[in-house]
Structures are given as C-alpha cells and as structure tokens.
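Enquirer: Next comes the sequence, and after it the predicted model I'd like to discuss.
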Amino acid sequence: MSEHALPTVKPADDPAFQLPHSLAGLQLPLLGGGIIALLIGVVLAFMVSDDPMPRFGFSAYLTAYLYGLTIVLGCLFFVLIQHLVRAGWSVVVRRVAECMMILIVPMAVLFLPILFSLFFDGKLFVWTDPNFAAEHGLNDEMWSMKKVFLNGPFFAVRAVIYFVIWIGLAVFYWRGSVRQDETGERAATDRMQAFSGPAVILFALSVSFAAFDWGMSLAPMWFSTMFGVYIFAGSVLAAHCAITLVTYILQRNGAIKDEVTVEHYHDLGKYIFGFIVFWAYISFSQYLLIWYANIPEETEWFFSRQQGAFGYLSLGLVFFHWMIPFLGTLSRHVRRKPGLMAFWAGYILVMHFVDIYWIVMPEARHLEYGVIPTMGGPLGILASLLCTVGMIALVTGLLLRVAGGNRIVPVRDPRLLESIAFENI
Amino acid sequence: MSETKTETTVHGMMAEFTSVDSLLTACRRIRDAGYTRTDAFTPFPVHGIDKALGIKPTALPWIVLIAGMCGTSIALMMQIWMNGIDYKYIISGKPFISLPAFIPVAFELTILLASFGAFFGMWALNGLPKFSNPIFTDPRFDRATDDRFFLYIDAKDERYDSVGVRSLLADTGSDYINEVVEDESPKDVPKPIYLIWGLSIAASLVPLICILTMRVTNSSSPRFHIFYDMDFSPSKDAQQVTSLFVDNRAMRADVPGTVARGQLEDSLDVLTGIDIDALTASNPPRVERLVRAYLQDDKDAQAAEDAEAASAETPAADATAEADATAESGDKADADAAPADDAETPAAAEPSVMDTTPWLKANPLDIDAELMANGQKNFQIYCSVCHGMNGRGNGLVNRRAQEKMFDTWVPPSSLIQDTLYSDKYPDGKLFSTISKGIRKMPGYASQIRVKDRWAIVAYVRALQKSQKASLSDVPQAKKTAVEKAVAVAKAELKRQAEAAEKSAAEQSEEKQGGEQDAQQK
C-alpha cells in the first residue's frame, strides 16, 4: 500500500533462511542429553513410586509427554488458524510453527510408554485396575457405564484415531508448505486454505477427547466438560510462546533478521496476552461452576488440589500463570520489544509446565479421600523436572533436526512480501 | 477578499498532497523544523505517521487502565458491601464474602468501565463532541476522505509565522496551500430546526398529558393490565385456602429443623444455660432431647424438657417458697430474710441432691457497660413490676396484692438473698428460671431475647452485689466522691434527727403548754 521503502524478498537460497550453524551444532547434544535426562528422570520417578504413590513413575512421564504434546498441538492449531483466516502477517513465523507441528510424528512414538502402562493394572490410569470400583465402593451400574468408554482396547483405538488425525493434518500442511518452497505454486496455498475449515473441526474434537482421555480420566469419577478447552487454552498459549522464543533465538543467531520485525513480535505478543486471559477465563469458569454447584464428585478434584503443597501451587497458578504475566504483557511498549517478549514467552513456558504438573501429578496418589496429594519429596520433584527437561531437550533437538533439513521461512509463499512489510501502527 | 481575510481569525495553515509519500516527507520536514501543533488528514490509516509527525504517545491506555481498575474495585466493594455487610443472605451455603462468586461481576464491570474510559477518554482527548472545525471552510478539504492528503499547522504553535510556514510547506512539494480561517458562515440556527425542536418537545409531552388526564378523570372501562399476572399474582396470602395440599391450607408449617435467619447463632449452652459438654457426660438422653427441643423445633421434646425442668425445680422450689413466704417484702424484710436464709442453708449447701444439672457457672456474654445498661432496661421493663426496682421483691404488683390481701398470691422472691447468689444459684440456672419461670412466675423466653435474658442475669448479679457492697468494692477513683456523699448523707441524717428531736421536744412543750392553757381555761 505504501510506496516508500518497499521491502524486498531475498532469494530462496539466502543463508538468512537456513538454520544458523551455531544452532545446528546443538542438535546431537540436545537429542542425546534429552534422552538421557528423560531416562534418568523416569527411573528416578519409578523409585519414588512406593506405597503412597503407586502411579508416580508413569505420571511423571505423562506430565513431560503432555507438556511436549500440548506445545506441538498448539503449533498445529496455529498453522491451521493462519490458513483458515488467510493471515498475511504470520507467514514469516509460520515455518517455525510448522517445524514444531511436524514433531507430532515422533510424539506418536513417545506415546508408546503410555499405551504400555495399560498392561499394568492401575499404574497410570486407575480405571485400568479391575478392582478399582469394588475397592472404592462405586456404584456398579454407573461404573459399568463408565467402562464402556474407559477400557484398554477402546482407549488404544481412540489414541490411534487422534494420532491419525493429527499426523494426517500435520503432514498435509507440512508437505504443502515445503513443496511450495520449490514450486512457488499459488494452488498449494489455496488447497491448504480450503481444507483448513474441516481441519479445525477435526482438531477441536480430537484435542478435546484426547484431553478427556489422557488428562481427565486420571480421576475417572471426576468430569468437567470444559476440560478439553482448558487444555486447549494452555496449549495454544504455550505454542505462541514457543514460536516467539524460537524465532527470537533464530534471530539472535543471525537468521531471518530482516524478515521478522518488531511488528511480528507485537502480534505474537497480542496473542500471548490474549491467551493468558483466555486460559485464566477458562480455568476460572471451570472452577466457578464446580465451586458453586458444590457436588462432591466434582469438587473432589479441586479439593485435593487445595491441600498441602498443591494448595500453594493452585494459588501460584492464579498469580504466576495469570496475574503477573497479564500485567507484564499488558503494555504495547512491552510487546514491541522482542527481548522482553522472549522473556515472557520463556516465563509462560515454565508456567505451562506447572499447569500440566498440577493437572497430572495430584492423581498419582492413592485415591483415598482425605489423603493429601504430595509431590513425592525432593526426589519426586527432581524426577518430574528431569523428565520434562529431558522432553524439552529432546523436542528441541528434533526441532533443530527438522529445521536443519529445510528452510526456516516459507520462501515462496504468495503472502511473504505482505508479511515482511506488515505494520501494526 | 484579502482584506476580509486579514480581519478574520487565522487558525492555521493547510497544505494538500497527492500521495502518502509526499505527505510523510512533508511531515518529517515539519517535525524537524520544530513544529509541534500539527495534524495530518488522510483517507485511510497511514502507518508510521505518528512517528513522522512526532506525535507523543497517547495517555489513553493509562486512562483505560485506571478506569478498568476502578471497575474492579467498585465491583468488589459493592458486592462485599451488599452481600457481606448490608444485606446478609445465605446463598447456596456459601460465605457472605466469597470471592469466586464476585469475580464474574468484577470482570464485567472492569470491562465496562475500561470501555467507558476508552470511549469517553478518546472524546475528552480529542475535544469532542465538536460540531465543526474551521478546516472544513476550505471546500478542497472534502477530498481528505477520498484521494487527497492534508497537513495542518496550527497558528497556536510557537514557531508559527504565516509567511515562513507557507514557504516551508511550498518547499515540501505541496501544490495547494491555504490559510485556515474562522468559519464566517452564519451561526444562526436555521428556522426549520426550531420548528422541529418545538414539534419534538410538543410530541414528547403527549404521553405525559395522557397520563395526567387519566389521573384526574373518571372512566367506565376497567383498568388496563399490562402484566396481568404481576397485578394478580397466583400466589396465596396468609390464611387462604388452596387445593394444592391435602389439608387445603395455603400456609405451610416450616420443615422440621428449619432455622430462621438470625436464629441459632448461639450455641446450645447459651440457649439453655446448661454446660452441654458436662451434661453429655452425665445424662446423654437429656442432651438429645435438648437438641431436639432447641435445634429441631420438636414440640414433644420441648414439653418433656419443660416437665423435667419443673420436676427438678419442685423440691428446691418448696424450700425457697417457704423462705419467700417468711420473707416480708420491702425494706423491713431484710432483717427477717436473714434468719430464713440461715435456716435454708443446709438444703442449699447440697443442691446436687435435688439438681444435678451442670449449669453454666458464668455468663457466656462479654459483660460491658452496654450490656449492663441493656440488662437494667430489660429488668426494669419485665422484672421490676414484681421484684421491685431494687430486686427485693416489692414491686408494684406485689404491693397491690399485699394491700388487697389476695390469699392466692405468692410473693415474688427477693433476689437479694444468699440462696440466689451465684455460688448457690449459678448464672445458667438463673437464666433458665427467667426463660421457663418458677412457681407463679411465667417463663419469659417468648418475650425476651436470649441475649437480653443473659443481660438481665448480669444485671441481677450487679444488683445483688450492690446490696452487699462495702467501701472496698468501690473503685479508687470514685472512692473519695462516695466517701464525701456518705459524709454528706450522714450529716443530713444527723441534722434531720436533731431537728426531729428538737421539734418533738417543742411539740411536747407546746402540748404541755396547751394542756396547761386548757386546764387554766
């Protein structure tokens, strides 16, 4: 529109579109270190799993897994929504999201330990324990109806369906985008936009059900129809933070310096700010309804999280997952400073771990009422952290591997110029 | 033409540009030349024009932030005031001040006031509402909404100088530069506007006139009910009949165990005057019955409890009644009461034989001046008619009964007797007696509130103490005043006694004198 200082698109083979060497070298250390940390973390977590917490080992792995998975899925959603609304501004950062999105393929492999846990009665999901209903005096009729949904084979089938949907979507959008790097055909963009509507519907349904299966069913008697949206909110927030942080690190190492400008950080910052509020809105709505209705089978989930150490964690989420970053990213001046936004992105990514930990770990205890869930002492906390750190290193290593083999910007996207020239104000 | 221009007020200088780039270049030139009171008009938003013009960041975000925070705090304070202080109403068993329930309203009010802050703040910062701007006087300015870009320098700018500005703008490549002058078009409101205003005002009066007419005139047609079932609610009034219930009564009894608002704030100890913990150890069935009677509104249990209380009272009561019978009312009774109390002592020394109830030994309320004043007020309203203002049992009712010599009259007890002091007659028992009555005295539970009954207990204790007080009980600060008053009273008594003696002597002298006179006569 404005005719002055017309930005130019660099040629497709410009080194600015390649993964910087300084980062490519980190690939093997990250992969190796990640696997080792993850293994040590899981082993330590299984050592914690003595009597009061028989599910600690698998739960610590599930925490780490859900942490990685939610970020990867959030990036898939980011790509889908950019195509759905035909966004121009986001083209320069979309490939970063695409590189993380395609990691859903290794995430499917990493899901195997969770499927493996089904062979041990009640060692992750208590409903796999055949004696669970009898031991807890549950109503047989209700429990048999729950078992229609919550049984090993159906659970596995559903997991396969989710991964088929996610891998299908990720591969379709990945291939379309990467092929366009070579051909530059406009039709690829049109095709990806055309499928984005149904894709978002499939994504919403599969993520909701996956959240019910892998998060909510840890407490099989508890239910919240909002739980899927709750996981989604945290997932999309973390994905925007991950995109911001990765883009910032890429720029610091010399790549896409002229393409990604303060305007893109500003927009990513708006999304981060918006999803901080959305996460708080959804999690408070979930809490308010359960708190107000005050039905024992619903309040039990929150009640057990208001005891002991998890009580402080619950309050901590209110202040550190919402209030502090809300005020921190409220100002436009903050969102227009890439360094500050990278800081807040990293901060939220830490808080996202706390959120997932808060969802999963309290269920690692015995399901006896009145038993206050604990964090498993210093060893338990160390094991949980080590698992997640290992998962982050592993995913980052894989990300570098994917990014190293491809360009880090969709170089022949028809909207690339629009994205580079994008201005907010 | 030029003459008229010099006479009119000059508001500033305006320059027209044909492209964004030329406008931006001009903006930068003007900014670098040091002009600050400038403005640009474009058909569409131009990125970076704030910077090119050197416009300072707006204060609007701060206004919005402050307005939003005001919204949050107003909403929280409003709800805390309404639900927690002014009109306490139990809603689904939640505390009166429960933050989660307040958050939605706080959230909405934050949004509302922040929006108001943004909307009206924008108005205020832009000087709106403004119906005209002098820049509209130039007909070429109309193209600012179409395909032309305008730059404006206000005459109020410190550096403004008509010639200098004109040459500067010409230098930036503008092909049309014009001075913005005061709008000289007539300021009178067009005639038709007055007509429209007049008609509008007249039309707005029509409904009012209709209503006023209907208020002062009669009509044979029935009243029009806009909301029929609000005027004629299907709900029932007290004492009406209904077909909904088998007994055809519209009024329903409370569900057993219903507690009225403001009731049952006190523990069972306070309600009964009995130490329930101790009673649970000694007599669990009675505790059960007390719970049913006091907390579950069980009529049978209440009757049984009253009977129990009466039977527990009777033996002791007989003894007390004897003492009361011997105790004459009034000041004279004091002397007589003392031996009667002595006679009673063996019975009173072992009250446990008669009364095994573990009464509360002390008043459960915090005793302060306010409570004592309350106790005094209630004592004088309810008790003093029989027991007398000083508690010696010679109230107005008693005096009349004595005067008329009613043989069914049982004189009220003097409250100033050793058997009724707290060592022998615990506070809890006194409370129970006030609540349930004793002998001819009816129970006052239905008339006096629990707290007021306890206040009376405290006041009776004070009365008792006052009647057996020595000077050492008086606080040091007031001791001298009391001693002075005693001295004055003694002196007065002495003077009166002397006067009486004197007058008696005089009288007898007179009498003797008179007799002598009479004898003389």
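Expert: Great, that's in hand. Bear in mind that the values here come from a model prediction, so they are computed numbers and not experimental data.

Enquirer: Could you pull out the helices in the stretch 151-300 of chain B for me?
Expert: B:162-171, B:191-216, B:228-231, B:268-272, B:276-282, B:284-290, B:299-326 (DSSP state H, counting those that start in this stretch).

Enquirer: Over to the closest residue to chain B within chain A. Which of the three states is it?
Expert: Using C-beta to the nearest C-beta, the single residue of chain A nearest to chain B is residue A:423, 3.9 Å away. Placement of C-beta: from N, CA and C, glycine included. Assigned by DSSP: H, G, I helix; E, B strand; the rest coil, the conformation of residue A:423 is coil.

Enquirer: Residue B:448: which of the helices of the stretch 151-300 of chain B is closest?
Expert: helix B:268-272 (13.1 Å; C-beta to C-beta).

Enquirer: Which secondary structure elements does the closest one sit against?
Expert: helix B:450-467 (3 or more C-beta pairs under 8 Å, 6 or more residues apart in numbering or on different chains; DSSP states H and E).

Enquirer: before we move on, back to that, how close does the residue of chain A closest to chain B sit to residue B:180?
Expert: 30 Å (C-beta to C-beta, to the nearest Å).

Enquirer: neighbour-wise, which of the two wins?
Expert: The residue with more neighbours, out of residue A:423 and residue B:180, is residue B:180; 22 against 15, by other C-beta atoms under 10 Å in any protein chain shown.

Enquirer: What parts of chain A come near chain B?
Expert: Residues of chain A found near chain B (C-beta under 8 Å from any C-beta of the partner chain) are A:2-4, A:284, A:287-288, A:291-292, A:294, A:330-332, A:423-425.

Enquirer: By proximity to chain A, which residue of the stretch 101-250 of chain B wins?
Expert: For the stretch 101-250 of chain B, C-beta to the nearest C-beta, closest residue to chain A: residue B:103, 6.4 Å.

Enquirer: May I ask you to confirm that that residue is in contact with residue A:285?
Expert: No - counting by C-beta atoms under 8 Å, residue A:285 is not a contact partner of residue B:103; they are 9.8 Å apart.

Enquirer: Roughly how far does residue B:46 sit from residue B:251?
Expert: 75 Å.

Enquirer: which element follows the host helix or strand of residue B:13 toward the C-terminus?
Expert: Residue B:13 belongs to strand B:10-17 when assigned by DSSP states H and E. Going down the chain from strand B:10-17, the next helix or strand is helix B:20-32, by DSSP H and E.

Enquirer: Output the contacting helices and strands for the helix or strand that that next one is followed by.
Expert: The helix or strand immediately downstream of helix B:20-32 is strand B:38-41, counting by DSSP H and E. Here strand B:38-41 touches helix B:20-32, helix B:49-53, strand B:149-154, going by 3+ C-beta pairs under 8 Å, 6+ apart.

Enquirer: OK, contacts around residue B:148?
Expert: B:16-18, B:43, B:140 (C-beta atoms under 8 Å, 6 or more residues apart in numbering or on different chains).

Enquirer: Spatially, which two of those are the most separated?
Expert: So, the contacts of residue B:148 by C-beta to C-beta: farthest apart are B:43 and B:140, at 13.6 Å.

Enquirer: low-scoring stretches of chain B, by residue?
Expert: Along chain B, the parts satisfying pLDDT under 70 run over B:1-7, B:261-265, B:295-299, B:307-354, B:510-521.

Enquirer: picking that back up, ok, and the most crowded of the residues of chain A next to chain B?
Expert: residue A:287 (19 neighbours).

Enquirer: Which residue is the nearest non-sequential neighbour of that one?
Expert: In space, and not counting its chain neighbours, residue A:287 is closest to residue A:302: 6.4 Å by C-beta to C-beta, 6 or more residues apart in numbering or on different chains.

Enquirer: Many thanks, have a good one.
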